[in-house]
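**Student:** Here you go, sequence then predicted model.
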Protein chains: 2
Amino acid sequence: MDAYFQPFLDPARLKERYVRLGESLHRTPIMTSQSLNQAAGCSLHFKCENFQRSGAFKMRGVNNALLELSASGLPEAGVVTHSSGNHGQALGWACKELHLPCTVIMPSNAPDFKKRAVALTGAHVIQCTPTLEARIEAVQAHQATHGSVEIHPSNQPPVILGQGSAAWELLETCLEEGTTLDWVGVPVGGGGLLAGTGFAVLVWNLLHGTSVKVFAGEPTGADDAFRSLASGKIEHNENPQTVADGMRTELGTFNFPVIQKTVTAIHCVTDPEILASQLLVAERLKIIVETNCAPPLAAVLKHIDIFAGQQVGIVLSGGNLDLQVHRWGADGLL
Amino acid sequence: MDAYFQPFLDPARLKERYVRLGESLHRTPIMTSQSLNQAAGCSLHFKCENFQRSGAFKMRGVNNALLELSASGLPEAGVVTHSSGNHGQALGWACKELHLPCTVIMPSNAPDFKKRAVALTGAHVIQCTPTLEARIEAVQAHQATHGSVEIHPSNQPPVILGQGSAAWELLETCLEEGTTLDWVGVPVGGGGLLAGTGFAVLVWNLLHGTSVKVFAGEPTGADDAFRSLASGKIEHNENPQTVADGMRTELGTFNFPVIQKTVTAIHCVTDPEILASQLLVAERLKIIVETNCAPPLAAVLKHIDIFAGQQVGIVLSGGNLDLQVHRWGADGLL
């Protein structure tokens, strides 16, 4: 675990940081549904990050990274990142408020919907060949030429720590309402949200003497995190195939050790299971969640025995869905 | 205005009724969006009845009607109504809790999605020829044969009064947050929500010495309410054509006089305007609202001059949308 995390093992310090971070965020609501509880055989508590600023939890990691940067003075040349969507959008909006230049490298095959959304923030969008290598190269070239600072979407300790604030708020609000969660579940793609959640829950347990556990849902077609946790080293996706477009990425060197230390289980779910869960959330809660949100609920519905009768928190990671293109439900695959 | 309403002109009495009614309802949240405010040139406050029990405001009128009925003992033969959707669903769920028999007459051409939703409540569904005459006849036949009591979807004083509780809560919550609304806007189909809102706002103004005004949005393809308000008598739709399927109905004898007395304006909006507004709400607020919800926002966006700089409350009437069939946005008409 990187040295950055060490001071935040002190619960008072982590809490203080999350309170400060909260000043630039929405305190998103927690939703419940009796009919979803019946379907799942447990009590579900959904932390609605689709209502977060910029429409996704990514605003949390971005704001914490900018908070760290600003301690030593924001870089005049601005920041740069590569992102196919939500992280770029969050960074763009946050930089707009700070009048900080922002460059987002996007793969040329990213959906128009996401390209437009990032451009709308005023960020400078540079398109690149749609490979991970090309993305990394373009970011490095921008740093070398302009002196910009990279804010990585998932593999930087301050980004990881920031993402954990959603789970912390979820645990806090549930406790205020008299509920101690047994589990917190999130989706895993690049691993920033999962590692951040794992770390936050670890510290929460220290503070409260509880034993809340963390799980993730991951698409079977991009199951590098599942395989990495099993083998004990970072595994790769050869040719990731899943409708959850934000999850075609891989774990990183900063988040994997945290995940190893703090996560109980990663459950793989198929595309039809993901789409069915997304539709279920939309129909029962009447909210729009993107496809990337659905794996944790799909995992709960797939493993009724594991979660039976328990209190299960789930972070609904975002709501940036192209409604005019999306085909709802498992039938949409046909 | 029917004698039923008279005692409730006393603000204390109306408030007391709404508090009692609230015990069987969700206190739905109010959502706002900076980007929607920018688009509309005014401050919008959305009362989210898509999060109401049964997914629509209809639960309010139904519960108030059942409250009145229960005062003299609930009828052993149960209740009956005709509805193409949300009212039937609301009545079904409310009766299930009371263990009261419930029969819903549905036109045979109602969407399968809505037939399934009503059947799911445990209500007895009877299909009829898809004309207003056939629906009324079937309700009368059921009453005559079984001794059931009719709960009308929009033209019964207790139903009308109940619907007004959404606007009352909207005004109340805004005031708690320091905002006095200038307008409350709702869609108008059968007229129950509009009349109920008009009545509630009238009494609110008496209580607070304010002059909040009420407006409605109505599809041009089913503009009977607009024409009725202009001519001073109930006008009819010959062959109503609109994507807002819940608004192909007509005003009634109980709600029209209340509307005449309490409503400032009805604005007609086209189907493309309705669909564009529905998509805008979904994209910016990340919530699912049915097509019937969108006319008031469409009216605000059409008449920027009327609402400029003002505080505008809008009741988002429901969220029961068939996501697997719906085509989002004005392009969906093509």
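**Tutor:** Noted; the coordinates are in hand. Note that the coordinates shown come from a computational prediction; the quantities given were computed from them, not determined experimentally.

**Student:** going forward, measure contacts and count neighbours with C-alpha atoms only.
**Tutor:** OK.

**Student:** Secondary structure element holding A:Glu273?
**Tutor:** Assigned by DSSP states H and E, A:Glu273 falls within helix A:271-285.

**Student:** how far does whatever helix or strand comes next after that helix sit from the chain's center?
**Tutor:** Downstream of helix A:271-285, the first helix or strand assigned by DSSP H and E is helix A:295-302. The chain centroid and the centroid of helix A:295-302 are separated by 16 Å, computed with C-alpha atoms, centre = their mean, to the nearest Å.

**Student:** Tell me what angle helix A:295-302 forms with helix A:271-285.
**Tutor:** Orientation check (axes from the mean of the first three to the mean of the last three C-alpha atoms, to 10 degrees): helix A:295-302 against helix A:271-285 gives 100 degrees.

**Student:** Who are the packing partners of the helix or strand that helix A:295-302 is followed by?
**Tutor:** Next in sequence after helix A:295-302, counting helices and strands by DSSP H and E, comes helix A:304-307. Using 3 or more C-alpha pairs under 8 Å, 6 or more residues apart in numbering or on different chains; DSSP states H and E, no helix or strand is in contact with helix A:304-307.

**Student:** Return the set of buried residues in helix A:304-307.
**Tutor:** Buried residues in helix A:304-307, counted by 16 or more other C-alpha atoms under 10 Å in any protein chain shown: A:Phe307.

**Student:** residues in contact with the helix holding A:Glu273?
**Tutor:** A:31-33, A:35-36, A:219-220, A:242-244, A:287-291, A:293-295, A:297-298, A:328-331, A:333, B:51, B:288, B:320, B:323 (C-alpha atoms under 8 Å, 6 or more residues apart in numbering or on different chains).

**Student:** Alpha carbons of that helix, as PDB, please.
**Tutor:** In PDB, the C-alpha atoms belonging to helix A:271-285 read as follows (Å, rounded to 0.1, in the frame of the first residue of the first chain):
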ATOM      1  CA  ASP A 271     -23.700  -9.100 -20.100                       C
ATOM      2  CA  PRO A 272     -27.300 -10.300 -20.000                       C
ATOM      3  CA  GLU A 273     -27.200 -10.300 -16.200                       C
ATOM      4  CA  ILE A 274     -25.700  -6.800 -16.200                       C
ATOM      5  CA  LEU A 275     -28.400  -5.500 -18.600                       C
ATOM      6  CA  ALA A 276     -31.200  -7.100 -16.600                       C
ATOM      7  CA  SER A 277     -30.000  -5.600 -13.400                       C
ATOM      8  CA  GLN A 278     -29.700  -2.100 -15.000                       C
ATOM      9  CA  LEU A 279     -33.300  -2.400 -16.200                       C
ATOM     10  CA  LEU A 280     -34.400  -3.500 -12.800                       C
ATOM     11  CA  VAL A 281     -32.900  -0.500 -11.100                       C
ATOM     12  CA  ALA A 282     -34.400   1.800 -13.700                       C
ATOM     13  CA  GLU A 283     -37.900   0.300 -13.400                       C
ATOM     14  CA  ARG A 284     -38.000   0.000  -9.600                       C
ATOM     15  CA  LEU A 285     -36.100   3.100  -8.500                       C
END
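
**Student:** quick one: average confidence on it?
**Tutor:** Mean per-residue pLDDT for helix A:271-285: 97.

**Student:** Following element in sequence after the helix or strand of chain A with the lowest mean pLDDT, please.
**Tutor:** In chain A, no helix or strand scores lower on mean pLDDT, DSSP states H and E than helix A:112-120, which sits at a mean of 90. Downstream of helix A:112-120, the next assigned helix or strand under DSSP H and E is strand A:124-128.

**Student:** what are the pairing partners of that next one, and which direction each?
**Tutor:** strand A:102-107 (parallel) (DSSP bridges).

**Student:** Residue nearest the middle of chain A, spatially speaking?
**Tutor:** Taking C-alpha atoms, centre = their mean, the centroid of chain A lies closest to A:Leu193, which sits 3.9 Å from it.

**Student:** any idea how far it is from B:Ser43?
**Tutor:** For A:Leu193, the distance to B:Ser43 (C-alpha to C-alpha, to the nearest Å) stands at 34 Å.

**Student:** the domain parsing of chain A - what is it?
**Tutor:** If you go by automatic domain parsing, the domain ranges for chain A are A:3-56+A:158-333, A:59-155.

**Student:** Run through the residues that contact the residue of chain A found nearest chain B.
**Tutor:** In chain A, no residue comes nearer to chain B than A:Ile287, which is 4.1 Å away by C-alpha to the nearest C-alpha. Contacts for A:Ile287 (C-alpha under 8 Å, 6+ apart) come out as A:Val281, B:Lys286, B:Ile287, B:Ile288.

**Student:** most surrounded residue in those?
**Tutor:** Compared across the contacts of A:Ile287, B:Ile288 has the highest neighbour count, 27 neighbours, by other C-alpha atoms under 10 Å in any protein chain shown.

**Student:** Show me which residues of the helix holding A:Glu273 are buried.
**Tutor:** For helix A:271-285, by 16+ other C-alpha under 10 Å, it's A:271-285.

**Student:** would the residue nearest to the centre of chain A count as being in a helix?
**Tutor:** Yes - counting by DSSP: H, G, I helix; E, B strand; the rest coil, A:Leu193 is found in a helix.

**Student:** If we ignore the residues flanking it in sequence, what's nearest it?
**Tutor:** A:Gln163 (5.2 Å; C-alpha to C-alpha, 6 or more residues apart in numbering or on different chains).

**Student:** backbone phi and psi for A:Gln156, please?
**Tutor:** phi -130, psi 130 (degrees, to the nearest 10).

**Student:** Around A:Val258, count how many other residues there are.
**Tutor:** 23.

**Student:** Could I get the contacting residues of it?
**Tutor:** Contact analysis of A:Val258 by C-alpha under 8 Å, 6+ apart lists A:Met1, A:Ala195, A:Gly198, A:Phe199.

**Student:** which secondary structure element contains the residue lying farthest from the centre of chain A?
**Tutor:** Residue farthest from the centre of chain A, counting by C-alpha atoms, centre = their mean, is A:Thr145 at 30.1 Å. Using DSSP H and E, A:Thr145 maps to helix A:132-146.

**Student:** quick one: average pLDDT of that helix?
**Tutor:** 94.

**Student:** which non-adjacent residue is nearest A:Ala195?
**Tutor:** In space, A:Ala195 is closest to A:Ile259, 4.9 Å off (C-alpha to C-alpha, 6+ apart).

**Student:** Contact partners for that neighbour?
**Tutor:** A:Gly191, A:Leu194, A:Ala195, A:Gly198 are the contacts of A:Ile259 under C-alpha under 8 Å, 6+ apart.

**Student:** so where's the stretch 51-200 of chain A uncertain?
**Tutor:** Of all residues in the stretch 51-200 of chain A, none has pLDDT under 70.

**Student:** got the residues of it near chain B?
**Tutor:** A:Phe51, A:Gly55 (C-alpha under 8 Å from any C-alpha of the partner chain).
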